[in-house]
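Undergrad: Return atomic coordinates for the entry below.
(2 chains)
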Amino acid sequence: DTAVSQTPKYLVTQMGNDKSIKCEQNLGHDTMYWYKQDSKKFLKIMFSYNNKELIINETVPNRFSPKSPDKAHLNLHINSLELGDSAVYFCASSQWRSTGNTIYFGEGSWLTVV
Amino acid sequence: AQSVTQLDSHVSVSEGTPVLLRCNYSSSYSPSLFWYVQHPNKGLQLLLKYTSAATLVKGINGFEAEFKKSETSFHLTKPSAHMSDAAEYFCVVSDQSGTYKYIFGTGTRLKVLA
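TA: Predicted coordinates:
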């Protein structure tokens, strides 16, 4: 069973479109994240939810909107896609404040905006 | 504030020779430290983690890292490189100070020469 799964894995779309990436974790964790990896492989946190509450909201355009319907799901919706949004988006989860709080990552969603 | 510095953006070694990937951290609290590996077009896999137990941490695939508080370092080593080790390696810090953040280094690309 996949611990953190995200869909779709590959997404090619035109500028101006709206798209969503879905993420689910079956590890029973209370905290989920979205990270963005740019073309230089740099990983930067975008959002984090703890028990469905938004706790990290980095400097991200308003076009990006996360939604956490429950602790096991964290979706990312992107409006009016731009060329610069092309990147790999990783979903992750962890159990905060537990010993050995490893963060587990999904396989990534490769977004290409043309 | 937490931060991580990976001192080398690229490291090249010959197959069968030792690997050293350097990481320095800054944290106001007792940190948890991790090394992750990312193979081309793949997700992030945990190699090993330090969480205030033994300072010498052994991970998967023969990798290990030593936590040195006095030097604020957490360097990754492997006695003998294999071709399959060629990948991007990330050093990560979290300090559970309430920021709920895992901070990534900028990555080190390991190249293994035949």
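
Undergrad: Only C-alpha atoms from now on, for both contacts and neighbour counts.
TA: Noted.

Undergrad: partners of B:A87 in the sheet?
TA: B:L110 (DSSP bridges).

Undergrad: Point me to the residue of chain B nearest chain A.
TA: B:G43 (4.3 Å; C-alpha to the nearest C-alpha).

Undergrad: So what's the residue count around A:E82?
TA: 18 (other C-alpha atoms under 10 Å in any protein chain shown).

Undergrad: Which of the three states applies to the nearest residue to it once chain neighbours are set aside?
TA: What sits nearest to A:E82 in space, not counting adjacent residues and going by C-alpha to C-alpha, 6 or more residues apart in numbering or on different chains, is A:M15, at 5.2 Å. Secondary structure, DSSP: H, G, I helix; E, B strand; the rest coil: A:M15 is coil.

Undergrad: And the pLDDT at A:M15?
TA: Looking at A:M15, its pLDDT reads 97.

Undergrad: who's the closest residue in space to B:E71 that isn't next to it in sequence bridged to?
TA: Nearest residue to B:E71, sequence neighbours excluded (C-alpha to C-alpha, 6+ apart): B:N24, at 7.9 Å. Beta bridges link B:N24 to B:T5, B:S73, judged by DSSP bridges.

Undergrad: With A:M32 instead?
TA: Here A:M32 sits in beta bridges with A:Y49, A:S93, going by DSSP bridges.

Undergrad: Write out the residues of chain A neighbouring chain B.
TA: Residues of chain A found near chain B (C-alpha under 8 Å from any C-alpha of the partner chain) are A:41-45, A:48, A:55-56, A:90, A:96-97, A:99-102, A:104-108.

Undergrad: buried residues in the helix or strand of chain A with the lowest mean pLDDT?
TA: Within chain A, no helix or strand scores below strand A:53-57, which has a mean of 86 by mean pLDDT, DSSP states H and E. Under the neighbour-count criterion of 16 or more other C-alpha atoms under 10 Å in any protein chain shown, strand A:53-57 has A:L54, A:I55, A:I56 buried.

Undergrad: Show me the residues of chain A next to chain B that map onto strands.
TA: A:L43, A:K44, A:I45, A:S48, A:I55, A:I56, A:F90, A:Y104, A:F105 (DSSP state E).

Undergrad: For A:N79, state which of those residues is nearest.
TA: A:F90 (18.0 Å; C-alpha to C-alpha).

Undergrad: Which single residue in chain A comes nearest to chain B?
TA: A:E107 (4.3 Å).

Undergrad: can you pull the contacts of that residue?
TA: Counting by C-alpha atoms under 8 Å, 6 or more residues apart in numbering or on different chains, A:E107 makes contact with A:V4, A:S5, A:Q6, A:K9, A:F90, B:K42, B:G43, B:L44.

Undergrad: are any of those buried, and which?
TA: For these, buried by 16+ other C-alpha under 10 Å: A:V4, A:S5, A:Q6, A:K9, A:F90, B:G43, B:L44.

Undergrad: Just the pLDDT for B:S97.
TA: 62.

Undergrad: What residue, apart from its backbone neighbours, is nearest residue 106 spatially?
TA: All of this is about chain A. A:G106 sits nearest to A:V4 (C-alpha to C-alpha, 6+ apart), 4.7 Å away.

Undergrad: that's the wrong chain, I meant chain B
TA: Spatially, and ignoring its direct neighbours in sequence, B:T106 is nearest to A:F42 (5.4 Å; C-alpha to C-alpha, 6+ apart).
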